[in-house]
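Visitor: Got a sequence here, can you build the structure:
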Amino acid sequence: MSEEHISRRGFLGTSATVAAFTIVPRHVLGGAGQTAPSAKLNIAGIGVGGMGRSNLSQLESENIVALCDVDHAYAAGTFQKYPQAKVYTDYREMLDQEKGIDAVMIATPDHTHAVISMAAMRRGKHVYCQKPLTHDVHEARLLAQAARETGVTTQMGIQGHSDEGIRLIREWIEDGAIGEVRAVDAWCSLSYYPFGHASWSSQWSRRPQETPPVPATLNWDLWLGPAPERAYHPAYHPRVWRCWWDFGCGMMGDRGAHTLDPVVWALKLGHPTSIEATSLDLNPDIHPLASVVTYQFPARAGLPPVKLTWYEGVRAPRPPELEDGRRMGHAEGGVLFKGTKGKLVGGVYGEGPRLIPESRMQEYKLPAKTLPRVAGSHEQDWVRACKAGKNAGADFEYSGLLTEICLLGNIAKRVDARIEWDGPNLKVTNLPEANQYVRTPYRDGWTL
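Guide: Numbering: from 1, shown residues only. This next block holds a predicted model:
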């Protein structure tokens, strides 16, 4: 297959179609190839007004050669910080003109992650993309396959995956600290319902009807990208886009990607067989105020089935073993692993695990550290992998599956029901109408 776009109508959501999807390998495209460890990568940033600026600050050991943002006012501070970088509005123009780019950092709104990541990988560029990897499940599956096909080094921006805490959780569970894990509670007490999370958006609880003028510094058409056409409004940009189904994946895609990371990684989870959701104030425009999502995962490779319950906008029930006065996880979220021999609680941002009650923690003999540790930041883990021609810790193979799991929770929310999931074939089998959310349609002129 050449660099031409792949028609979205050509993918029908079957495993046979996924198997047929191919991308030209990096060396055929004439990419930069493997970079010597002593050399610096030429890195471009796309979406640099918000989280992208933080990501770039962790990449300053390399050459920041180009910056792209559809809103030059929002990104002005980043442009000023890297005056040597050439500035663009359209990522496609940047990728076509800047032939010396080795790697791309992407921190745009969720709905444009897939098209930009795919365009970069097709050109043989290494990709660091913020979480969630994609806006729908179909996109996540194709990006993971594209990363395999092109051989570029990829990383999703879940910083906790490079921290000590997630490694301790996996090592302790594999050591048998709490026996077999058959149930997990995970939660985030915030939500992306406008007044439930962002004070600046409290005046908008439904789609606004006003049509204010587009700021002169913003290319609204490029901001929309593949999303459905709608008029500009500050209810969407900047920052508030995550509240809206058409643009963001809500708290499930934001904190869920962080919080469920140690669960998926430590328990070696694959595709769930069913997902059930109950939500408060569900509507077609905005993510709900609160939700409880329950996943069922089958037994795998000697490990038992797992029931995973995600609490969003509320906290999970407090376990009776947790002593009065002790916090359960992070102030805004955490994970509780329930084993046959005890319970383990962890935070949401890489905090170390604790067995509960504390007396059990004091009795436990810590196991040897068996997993490789990451020196420095999550971004630097990606840089080292790019130069070594290796996989980064949260590459698209792993993070694609993690993203699928998170976004399946959103599908269950939207139908407010239990869905049965055929993972290999990307298909909801019991509610055909739910499949419209597996792969959301693109606006005319946009393809993956």
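Visitor: Can you give me the pLDDT of the nearest residue to L355 once chain neighbours are set aside?
Guide: Spatial nearest neighbour of L355, chain neighbours left out: M361 (4.3 Å); criterion: CB to CB, 6 or more residues apart in numbering. All C-beta atoms are positioned from the backbone trio N, CA, C, and that covers glycine. On the pLDDT scale, M361 is placed at 95.
Visitor: Helix, strand, or coil at M361?
Guide: helix (DSSP: H, G, I helix; E, B strand; the rest coil).
Visitor: Can you report how many residues neighbour it?
Guide: 15 (other CB atoms under 10 Å).
Visitor: repeat for V65
Guide: 20.
Visitor: L67 too?
Guide: With other CB under 10 Å as criterion, L67 counts 27.
Visitor: next one: R414
Guide: For R414, using other CB under 10 Å, the count is 20.
Visitor: looking at this, it is in a strand?
Guide: No: counting by three-state DSSP, R414 falls outside a strand, being helix.
Visitor: who's in contact with it?
Guide: 245, 282, 434, 437 (CB atoms under 8 Å, 6 or more residues apart in numbering).
Visitor: So the second one sits against A290, correct?
Guide: Think L282. No: L282 is beyond contact range of A290, at 10.0 Å (criterion: CB atoms under 8 Å).
Visitor: now, which of the contacts of R414 lie within strands?
Guide: Within the contacts of R414, no residue falls in strands by DSSP state E.
Visitor: and of those, the nearest to M121?
Guide: Ranked by distance to M121 (CB to CB), the contacts of R414 are led by Y437 at 24.6 Å.
Visitor: excluding its backbone neighbours, what's nearest the closest one?
Guide: Using CB to CB, 6+ apart, the closest residue to Y437 is I411 (4.5 Å).
Visitor: Quick one: mean pLDDT over the strand or helix carrying that neighbour.
Guide: Element membership of I411, judged by DSSP states H and E, is helix 396-415. Mean pLDDT, helix 396-415: 98.
Visitor: still on that earlier bit, switch the contacts of R414 over to a markdown table; also include pLDDT, distance to V152 and neighbour count.
Guide: Listed next are the contacts of R414 as a markdown table, based on pLDDT from 0 to 100; distance: CB to CB, whole Å; neighbours: other CB atoms under 10 Å:
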| residue | pLDDT | distance to V152 | neighbour count |
| --- | --- | --- | --- |
| W245 | 95 | 30 | 20 |
| L282 | 86 | 39 | 16 |
| A434 | 98 | 33 | 21 |
| Y437 | 98 | 29 | 21 |
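Visitor: I64 belongs to a strand?
Guide: Yes: the assignment for I64 is a strand, going by three-state DSSP.
Visitor: Spit out the contact partners of E276.
Guide: So E276 contacts 293-294, 412, 417-419 (CB under 8 Å, 6+ apart).
Visitor: Of the residues you listed, which is the nearest to G179?
Guide: Nearest to G179 among these is T294, at 21.8 Å by CB to CB.
Visitor: Surely that closest one touches P272?
Guide: No: counting by CB under 8 Å, P272 is not a contact partner of T294; they are 9.7 Å apart.
Visitor: Tell me which of those two has more neighbours.
Guide: In this view T294 and P272 are compared by other CB under 10 Å, and P272 has more residues nearby, 22 against 17.
Visitor: Nearest to the spatial middle of the chain, which residue is it?
Guide: In the chain, the C-alpha nearest the mean C-alpha coordinate belongs to P132, at 1.9 Å (CA atoms, centre = their mean).
Visitor: Provide the secondary structure category for the nearest residue to that one once chain neighbours are set aside.
Guide: Spatial nearest neighbour of P132, chain neighbours left out: G253 (3.7 Å); criterion: CB to CB, 6+ apart. Secondary structure, three-state DSSP: G253 is helix.
Visitor: now the one 4 residues further on
Guide: At A257 the chain is in helix, as set by three-state DSSP.
Visitor: Quick one: residues contacting it.
Guide: 131-132, 156, 158, 399, 402-403, 406.
Visitor: confidence score at it?
Guide: 96.
Visitor: Tell me the spacing between it and Y398.
Guide: 12 Å (CB to CB, to the nearest Å).
Visitor: now do P234
Guide: Taking CB to CB, one finds P234 at 36 Å from Y398.
Visitor: again with S274
Guide: In terms of CB to CB, S274 sits 22 Å off from Y398.
Visitor: Those two: which is more packed in?
Guide: Between S274 and Y398, counted using other CB under 10 Å, Y398 has the larger neighbour count: 21 against 18.
Visitor: nearest spatial neighbour of the more buried one, skipping sequence neighbours?
Guide: W265 (7.6 Å).
Visitor: now swap in A66 and tell me
Guide: Sequence neighbours aside, A44 is the residue nearest to A66 in space, at 4.0 Å (criterion: CB to CB, 6+ apart).
Visitor: Flag the shaky bits of the stretch 101-250 of the chain, pLDDT-wise.
Guide: Along the stretch 101-250 of the chain, the parts satisfying pLDDT under 70 run over 193-205.
Visitor: tell me the strands in it, going along the chain?
Guide: 103-106, 126-130, 154-157, 181-188 (DSSP state E, counting those that start in this stretch).
Visitor: so what does the longest one touch, helix or strand wise?
Guide: The contact analysis (3 or more CB pairs under 8 Å, 6 or more residues apart in numbering; DSSP states H and E) places strand 181-188 against helix 250-259, helix 261-267, strand 306-312, strand 333-339.
Visitor: picking up where we left off before, so which of the contacts of E276 wins on neighbours?
Guide: A412 (29 neighbours).
Visitor: Enumerate every residue touching the residue lying closest to Y82 once chain neighbours are set aside.
Guide: Nearest in space to Y82, with sequence neighbours left out and distances taken as CB to CB, 6+ apart, is I64 at 4.7 Å. Under the criterion of CB under 8 Å, 6+ apart, the neighbours of I64 are 43-45, 56, 82, 84-85.
Visitor: So in terms of bridging, what pairs with I64?
Guide: I43 (DSSP bridges).
Visitor: repeat for the one 4 residues further on
Guide: Counting by DSSP bridges, C68 is bridged to I46, Y88.
Visitor: Surely it touches A44?
Guide: Yes: counting by CB under 8 Å, C68 does reach A44; the two are 6.8 Å apart.
Visitor: list residues touching both of those two?
Guide: M94.
Visitor: The residue nearest to N55 when sequence neighbours are not counted and G47, how far apart?
Guide: Among residues not flanking N55 along the chain, M105 sits closest, at 5.3 Å (CB to CB, 6+ apart). Noted for M105: a distance of 8 Å to G47, by CB to CB.
Visitor: Lovely, talk soon.
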